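Chemist: Model the structure of this input:
(one chain, ligands or ions: 1)
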Amino acid sequence: MRVWMLQKNGTLEEQDRPEKVTEALQIKARVSKVLLTESDKSLMLGRDRSAIFPIIPGRAAVGVVSESCDCGIDLPKGSRVYLHPIFSCGVCENCKKGDSYHCTDVKITGYNAHGFLREFAVVNINDVTPLPSSVSDETALYVEWIAIAESVLDTLECSKGEHIVILGAGLLGNLLAQLLIYRRIVPILIDSNEELLNYAKRCGIYYTFKTDETLYDNVSRVTGGRLAEASVHITDSGIDPSLLFSLTAPRANVVYAGFGQKDLTVNLHAAMQKSCTIHCVTGSKKHIPSAINLLANKAITIPDFRFTYGTPETFLSYVHETADSPVDFRNPYIVKLL
Ligand SMILES: [Zn+2]
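Modeler: Predicted coordinates for the structure are as follows:
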């Protein structure tokens, strides 16, 4: 079965590799679509210094069950599934005790475990989630971002009508703002990029501000002078991570959210003065089912995305052609394997 293995020298080699079900709880899935993510891009461009080669890239993927297991879980052959990008190791002390949620060696596809740029993947049945027919393959590829947004929402502990500052109007910031609106919380979305703010407005996000000299006054005006009840910094936004303390009320929850692969230096001086509580949120499998539910309920949308479809053979050249710019989430690139 074909896999596309990234070598240390940056080449992507097609290889034939057996994918056999060997354990009782495993299933086999035919991978149908893989989305190019920022983490795949930095891996394939050799920018990820902690990557271990050779490795199969492909963090975000959907597939179809081709071989189910006889374990009592109803997931028949032919079911469309979201393939989890994060899973527990199965061998650490916590995993052995059955507490995989507190796994001490979490695996991330295309980072410290093989990703999904392959025809078939053998995975634990608990590491896939079935997709309802109302959620398309393309939409399901965004489940990880929505799951992080759900996790942020849990951490913020905010109530209806409260104002939450979000620094970063990229994909995660945009989806988080939509989720807050769905829960009747008021997002204030901030970025230096006017195009991203305009896109956010088209997604129904009302309060959008630029990171300029009017920012404090704008946030103060919207919140009636109280400032935000909690705030979130999207870690890949490129915005000063210390900026959010000046926009947040004293004793508030402050969250740093993202994929955890960027260096981040925060000046805690203002946080100390305001006695803020700081949290870090990255991906976890806990919120995947609720993320899929939100997509099924159309609580979150991804309007006007212009998908480009490629093949494993064109994947690497596309990454190199676009090496100088970050992944544009409004123009996604999808490798079609099925
Ligand atoms: Zn473990």
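Chemist: wait, what's in contact with Glu213?
Modeler: Glu213 sits next to no residue when contact means C-beta atoms under 8 Å, 6 or more residues apart in numbering. Bear in mind the C-beta positions are built from the backbone N, C-alpha and C, glycine included.
Chemist: And what about it, helix, strand or coil?
Modeler: coil (DSSP: H, G, I helix; E, B strand; the rest coil).
Chemist: Give me the phi and psi for it.
Modeler: phi -70, psi -10 (degrees, to the nearest 10).
Chemist: same deal with Val222?
Modeler: phi -60, psi -30.
Chemist: neighbours of the closest residue to it other than its chain neighbours, just the number please.
Modeler: Using C-beta to C-beta, 6 or more residues apart in numbering and skipping the chain neighbours, the partner closest in space to Val222 is Tyr207 (5.5 Å). For Tyr207, the count of nearby residues is 20 (other C-beta atoms under 10 Å).
Chemist: got a list of what Tyr207 touches?
Modeler: Per C-beta under 8 Å, 6+ apart, neighbours of Tyr207: 186-189, 222.
Chemist: Compile those residues into a markdown table and extend it with columns for secondary structure.
Modeler: Shown next, in a markdown table, are the contacts of Tyr207 (three-state DSSP):
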| residue | secondary structure |
| --- | --- |
| Val186 | strand |
| Pro187 | strand |
| Ile188 | strand |
| Leu189 | strand |
| Val222 | helix |
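Chemist: Leaving out the residues flanking it, which one is nearest to the residue in the stretch 101-250 of the chain positioned nearest to the ion?
Modeler: At 3.1 Å from the ion, Cys103 is the closest residue in the stretch 101-250 of the chain, using C-beta to the ion. Distances taken as C-beta to C-beta, 6+ apart put Ser88 closest to Cys103, at 3.6 Å, once the chain neighbours are dropped.
Chemist: Any figure for the gap between the one you found and the ion?
Modeler: 5 Å (C-beta to the ion, to the nearest Å).
Chemist: What of Leu83?
Modeler: Counting by C-beta to the ion - Leu83 and the ion are separated by 19 Å.
Chemist: ok, that residue touching Ile125?
Modeler: No. Using C-beta atoms under 8 Å, Leu83 is not in contact with Ile125; the gap is 11.7 Å.
Chemist: what about the two, which has more around it?
Modeler: Between Leu83 and Ile125, counted using other C-beta under 10 Å, the more crowded position is Leu83 (25 against 18).
Chemist: Tell me what the nearest residue to the more buried one once chain neighbours are set aside is bridged to.
Modeler: Closest residue to Leu83 apart from its sequence neighbours, by C-beta to C-beta, 6+ apart: Ala61 at 4.7 Å. Taking DSSP bridges as the rule, Ala61 bridges to Val34, Leu83.
Chemist: what about Ala61, how many neighbours?
Modeler: Other residues close to Ala61 by other C-beta under 10 Å number 29.
Chemist: measure the residue of the stretch 151-300 of the chain found nearest the ion to His84 for me?
Modeler: Relative to the ion, the nearest point of the stretch 151-300 of the chain is Lys285 (12.4 Å; C-beta to the ion). Distance from Lys285 to His84, counting by C-beta to C-beta, to the nearest Å: 5 Å.
Chemist: And Pro332, by the same measure?
Modeler: Per C-beta to C-beta, Pro332 is found 20 Å from His84.
Chemist: repeat for Asp16
Modeler: For Asp16, the distance to His84 - C-beta to C-beta - is 25 Å.
Chemist: Name the residue in the two with the higher neighbour count.
Modeler: His84 (23 against 8).
Chemist: near the ion, which residues of this structure?
Modeler: 88-89, 92, 95, 103 (C-beta under 5 Å from the ion).
Chemist: Output these in JSON lines; the columns should cover distance to Ala271.
Modeler: Shown next, in JSON lines, are the residues of the chain next to the ion (distance: C-beta to C-beta, whole Å):
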{"residue": "Ser88", "distance to Ala271": "32"}
{"residue": "Cys89", "distance to Ala271": "33"}
{"residue": "Cys92", "distance to Ala271": "33"}
{"residue": "Cys95", "distance to Ala271": "35"}
{"residue": "Cys103", "distance to Ala271": "30"}
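Chemist: hang on, the earlier thing: specify the beta-bridge partners of the residue nearest to Val222.
Modeler: The partner residues for Tyr207, given DSSP bridges, come to Ile188.
Chemist: What helices and strands are in contact with the strand or helix carrying Val122?
Modeler: For Val122, the host element (DSSP states H and E) is strand 120-124. Helices and strands touching strand 120-124, by 3 or more C-beta pairs under 8 Å, 6 or more residues apart in numbering; DSSP states H and E, are strand 26-35, strand 60-67.
Chemist: Is it possible to get a markdown table of those that adds mean pLDDT?
Modeler: Listed next are those as a markdown table, based on pLDDT from 0 to 100:
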| stretch | mean pLDDT |
| --- | --- |
| strand 26-35 | 97 |
| strand 60-67 | 97 |
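Chemist: CSV for these, including distance to Cys158?
Modeler: CSV is the format used below for these (distance: least, C-beta to C-beta, whole Å):
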stretch, distance to Cys158
strand 26-35, 30
strand 60-67, 28
